[in-house]
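S.K.: give me a 3D structure for the following:
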Amino acid sequence: MYSSICGGITTDPAMMVIPMDDHMVHRGHGVFDTAAIMDGYVYELDQHVARILRSASMAKINPPFDHEGIKQVLIHTVSASKCRQGSLRYWLSAGPGDFQLSPSSCHRSALYAVVIQDSTPLARNGVKVITSTVPIKPPEFATTKSVNYLPNVLSKMEAEENGAFASIWLDNEGYIAEGPNMNVAFVTKENELLMPAFDKILSGCTAKRVLTLAEGLVRARRLMEL
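M.R.: Numbering: from 1, shown residues only. Next comes the predicted model:
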């Protein structure tokens, strides 16, 4: 774990702590992001760092480091962990200060990062999903990857209570939006890739990568047909 409050990386679980007066803890004033670790490398780290900085700007959090500074901290944290397969989760917080509502007494923002070992196999045979009855977040909050995940938690619990893997949200017009921690896409019988626009939901880095790969496949197919 890395903590800008402690000023370094620790591999001792007993030292992996966050101050209780951090406004991310008791007020939810923080944003986060997650990147996959594949064969010891962080996948598409630049995109993920750019997204957490966008979220921080929307949450009015002034990061303690710039893009390159955050990137280097995250790379060093993964290196120290010696993790080969897993995920890297990191947070930008308004920082510690007091237990008031306003962060005006928070003298500095905070960056935290945790490496999570994971060897869970992919569900290659498909999963069951249901339509969520938990209200979807309004666009201004859905497009910010903040730590305010209570609706997401309740949506996931609703799915588990019904023997499903996830609950899928519909937007205010009844169109498919997103899942509690994933984007949704469809491949039609005509081999068309359909995905909700990112104007009301979180801009998923994996979803954007899928779109980029799909564009390449379409171009390659057209060249073969010439």
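S.K.: so the residue nearest in space to the middle of the chain: helix, strand or coil?
M.R.: Geometric centre of the chain, nearest residue: residue 33, 3.7 Å, by Cα atoms, centre = their mean. Look at residue 33: counting by DSSP: H, G, I helix; E, B strand; the rest coil, its state is strand.
S.K.: ok, it touching residue 53?
M.R.: No - counting by Cβ atoms under 8 Å, residue 33 stays clear of residue 53, with 9.3 Å between them. (Each C-beta comes from the backbone N, C-alpha and C, glycine too.)
S.K.: could you tell me which residues touch both of these two?
M.R.: Common contacts of residue 33 and residue 53 (Cβ atoms under 8 Å, 6 or more residues apart in numbering): none found.
S.K.: could you measure from the closest residue to residue 139 other than its chain neighbours over to residue 175?
M.R.: For residue 139, ignoring the flanking residues on the chain, the nearest one in space by Cβ to Cβ, 6 or more residues apart in numbering is residue 200 at 4.4 Å. Plainly put, residue 200 is 9 Å away from residue 175 if you go by Cβ to Cβ, to the nearest Å.
S.K.: out of those two, which sits in the busier spot?
M.R.: residue 200 (20 against 11; other Cβ atoms under 10 Å).
S.K.: let me see the ranges of the helices in this protein.
M.R.: 23-26, 45-58, 67-81, 139-142, 150-161, 205-225 (DSSP state H).
S.K.: average pLDDT across the longest one?
M.R.: Going back to what we said before, that points to helix 205-225. Averaging pLDDT along helix 205-225 gives 86.
S.K.: by contact count, what packs against that helix?
M.R.: helix 45-58, strand 193-194 (3 or more Cβ pairs under 8 Å, 6 or more residues apart in numbering; DSSP states H and E).
S.K.: buried deepest among these, which one?
M.R.: helix 45-58 (a mean of 19; mean count of other Cβ atoms under 10 Å).
S.K.: pull it out as CSV, backbone CA atoms only.
M.R.: The C-alpha trace of helix 45-58 is given here as CSV (Å, rounded to 0.1, in the frame of the first residue of the first chain):
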residue,chain,number,x,y,z
LEU,A,45,-2.3,3.0,-16.8
ASP,A,46,-2.3,6.4,-18.5
GLN,A,47,-6.0,6.1,-19.3
HIS,A,48,-6.8,5.2,-15.8
VAL,A,49,-4.7,8.0,-14.3
ALA,A,50,-6.4,10.5,-16.7
ARG,A,51,-9.8,9.3,-15.6
ILE,A,52,-9.1,9.6,-11.8
LEU,A,53,-7.8,13.2,-12.5
ARG,A,54,-11.1,14.0,-14.3
SER,A,55,-13.1,12.6,-11.4
ALA,A,56,-11.0,14.6,-8.9
SER,A,57,-11.6,17.8,-10.9
MET,A,58,-15.4,17.1,-10.8
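S.K.: angle of it against helix 205-225?
M.R.: 130 degrees (axes from the mean of the first three to the mean of the last three Cα atoms, to 10 degrees).
S.K.: okay, angle between helix 45-58 and helix 67-81 too, please.
M.R.: Using the same axes, to 10 degrees: helix 45-58 against helix 67-81 is 120 degrees.
S.K.: what sits up against stretch 124-137?
M.R.: 142, 151, 154-155, 158-159, 162-172, 177, 179-180.
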